[in-house]
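Peer 1: structure for the following, please:
(chains A and B)
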Amino acid sequence: MKVLRSSALRLSIGYTCLGLAALALFAAPLWYAWRVTIEDSRIEILQADAQRLADVFQREGPEGLRGFLAARVGMQIANERLLLFTDPQLRPLAGNLSAWPANVPVAPGNYTLKLILDGEPATVVLVHDELAHGYHLLVGRDIAFYVPLERRFWYALIGAVAILCSLGTLGGILIRRALMARIHTVRRMVSAIMQGDLAHRLPMREVGDELDTLSQSINRMLTQIEQLVHGVRNVSNAIAHDLRTPLAELRARLEELSLTRPAAEVTFAEIDAAVADVDRVISIFNALLRLAEIDSGMRRSGFVTVDLAEVAAAAVDFYQPAAELKGSHLLLVRSGPASVQGDPVLLAQALSNLIDNALKFTPADGHIVVSVTRGADGGVLLSVADSGPGIPDADRGKVVGRFYRGDASRGTPGVGLGLSLVEAIARLHGSRLELTDNHPGLRACMALGQDTRPIERPVVPAAPQHGELQHEPVYP
Amino acid sequence: MKVLLIEDNERVAQFVLKGLTESGHTADHAANGRDGMFLAASEPYDAIVLDRMLPGDIDGLAIVEALRKAGKRTPILILSALSEVDERIRGLRAGGDDYLTKPFAFGELLARLDALTRRAQAEAVQTRLEVADLRMDLLARKVMRGERDIVLQPREFKLLEYLMRHANQVVTRTMLLENVWDYHFDPQTNLIDVHISKLRQKIDADFERPLLRTVRNAGYTLSSHD
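Peer 2: Numbering: from 1, shown residues only, chains lettered A, B, ... in the order given. Sure, this is the predicted structure:
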């Protein structure tokens, strides 16, 4: 039953059942009230009638009532009233019943029972009154009079049920058709995407309904996937490029050694150089593994309270000799402890990368200011500002991409992963690496600790390819 | 010293065994967890070097845990291709004493092994350190060479303390980064050399016999003899 598996149809069947239940809930008390009221009023009328006849009996005696009844039976429409007046031995004296019905008890009261009237079975309501001197009076009515009314009620009810059911089914089919049409579109798009065309997006209608919300989420997910794939592709290219260079050098060195067989001293020097080449390859690998590790978000489990001011002090202390050697000034600005939740090793690495970068690009006699300040919101602002050449506005998005090396950095050591590592670390800590102009120079800063909510999923920023614009990472 | 190497990769094993033998140590080799476990439990060793991932049903961590449970205190250095911090922590938590990621330089391995075995020998609390005529008072935080006071920055003090505690051993740059600066990552700089040369300025510059020496392709050593 494929049709029954359609959620739209199931929904409409459910709604129809709900409608039916509501109708039943509505009709049942109505039916009950109607029955009771009609029955009561029926008996009341009969009782009033019986009372009137009893009055006649009291005023004029048995003969008077007999005459009255005979006259009335002659006047009334057939079956309008069942009347019987008997003596104490239940022998009929007057009325339109030929004999005392066998199933009517002799005690006075109201009864609803079946009788044979004119050879036809009928349901009647009877009021039995015992008059003075043991005379009996029966006043009744054939219920058949009310049957058409009841039947109309039932017809109306059945009609309502039928309309409800058919409307429900029709609605279900229509909803299913509308839904299936849109789901088919989504499915077509998704299979196109699965075949590798990641640029496709699900169509959006302006109405903003549930399906649109879903499409929107899927589109966001697609954007992320596209960026990730893009990132991976770029990283692969970059790895291929950056590893190929030292590997090529290494290969050339070894091949030349093998071919020329130089003197032992030269050979050893070449082997040392070869080991250095391998070390370079390993350090690129390690940096990449580290990035992958950070991006996976696993490190968040190791978060502890870290005093950033201490981390900064240690880093400044570590880099101070390098600054002195270069003749630039490395300063630390701090205002008391600045605790945040984080990974101490990674935060130290981020800071060390930023200071290392700043040192690389700051000319002699330049200034590098590392500052750790508490923000008004209780967070900690960590920044490293230098007085170097800075990064042109257009390149700022690119530098955090993997293996990006600005023109200014050509010829300086480094694998081009530093800032993307810092960016990944910032992201892991729910922050972002922001690069601004320091007039002159570059100011790299991250705001940490004011939002402890971890980002759901880290997004690898795609390194731009062939001058394409950098996508901003999208956070859900 | 007598070292047990549990390593399944033949090339790496030969490389380490050769290095250990050339440095004057004796070494046994087990190529799988079962043999390694047997040797480690039955023979006395000064140190055990084992690979984290071994063929067969007994892996490196299982050996470490079993040895520790059996009360063996032999220093253990874990070798692994898994560098993620969680893996490192897992290895140390299982009872390993140090963790070295593959690929590694033999100098690094040897220096760490030396540090491990010395640590096992002398764990006593020291308040004074002495190497040749260089003396360090850990309580007063004073350093003297001969009759001369040497004024050191706090970090220089810590660096020298580490070198003095490991006097006559090779100390690698990574060991210094990890133990003096608590930096468990590679800062990709030669800054350790700069720190060492600054320290050398203070303790060696005006003296005839230099104590702090560079060991090529390995690191540094603070030696009391020529």
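
Peer 1: got the contact list for stretch B:7-26?
Peer 2: The contact list for stretch B:7-26 (C-beta atoms under 8 Å, 6 or more residues apart in numbering or on different chains) reads B:1-3, B:5, B:27, B:29, B:31-32, B:49-51, B:54-55, B:79, B:102, B:106, B:109-110. In short, each C-beta sits where N, CA and C put it, glycine included.

Peer 1: can I get the buried part of these as one ChimeraX selection?
Peer 2: Buried members of those, defined by 16 or more other C-beta atoms under 10 Å in any protein chain shown, are picked up in ChimeraX with:
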select /B:1,3,5,27,29,31,49,50,51,54,79,106,109,110
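
Peer 1: among the contacts of stretch B:7-26, name the ones in strands.
Peer 2: Applying DSSP state E to the contacts of stretch B:7-26, the entries found in strands are B:2-3, B:5, B:27, B:29, B:49-51, B:79.

Peer 1: quick one: those as TSV, columns for distance to chain A too.
Peer 2: Conversion of these to TSV gives the following (distance: C-beta to the nearest C-beta, whole Å):
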residue	distance to chain A
B:Lys2	29
B:Val3	24
B:Leu5	22
B:Ala27	23
B:His29	24
B:Val49	20
B:Leu50	22
B:Asp51	18
B:Leu79	15
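
Peer 1: nearest to A:Ala252 among the residues you listed?
Peer 2: Of all the ones in strands among the contacts of stretch B:7-26, A:Ala252 sits closest to B:Leu79, with 30.8 Å by C-beta to C-beta.

Peer 1: next up, the contacts around that closest one.
Peer 2: Contacts of B:Leu79 were listed using C-beta under 8 Å, 6+ apart, and they are B:7, B:12, B:49-52, B:100, B:102, B:104, B:109.

Peer 1: 7 Å instead?
Peer 2: B:7, B:49-52, B:100, B:102 (C-beta atoms under 7 Å, 6 or more residues apart in numbering or on different chains).

Peer 1: return the item of those residues having minimum pLDDT.
Peer 2: Within the set of the contacts of B:Leu79, pLDDT is lowest for B:Lys102 (82).

Peer 1: give me the pLDDT for the closest residue to it other than its chain neighbours.
Peer 2: Nearest residue to B:Lys102, sequence neighbours excluded (C-beta to C-beta, 6 or more residues apart in numbering or on different chains): B:Ala81, at 4.6 Å. We have a pLDDT of 81 for B:Ala81.

Peer 1: swap in the one 10 residues further on?
Peer 2: Reported pLDDT at B:Gly91 in the predicted model: 85.

Peer 1: mind giving me the domain split of the chain?
Peer 2: No chain specified, so I'll use chain A. Listed domain ranges for chain A are A:3-150, A:234-292, A:298-448 (source: automatic domain parsing).

Peer 1: other chain: chain B
Peer 2: Split into domains by automatic domain parsing, chain B comes to B:2-121, B:128-222.

Peer 1: show me where chain B dips below the pLDDT cut-off.
Peer 2: By pLDDT under 70, the weakly predicted segments of chain B are B:83-84, B:120-124, B:226.

Peer 1: tell me the contacts of B:Gly36?
Peer 2: By C-beta under 7 Å, 6+ apart, the residues touching B:Gly36 are B:6, B:30, B:50, B:63.

Peer 1: for those residues, which one is nearest chain A?
Peer 2: Proximity of those to chain A (C-beta to the nearest C-beta) peaks at B:Leu50, which lies at 21.7 Å.
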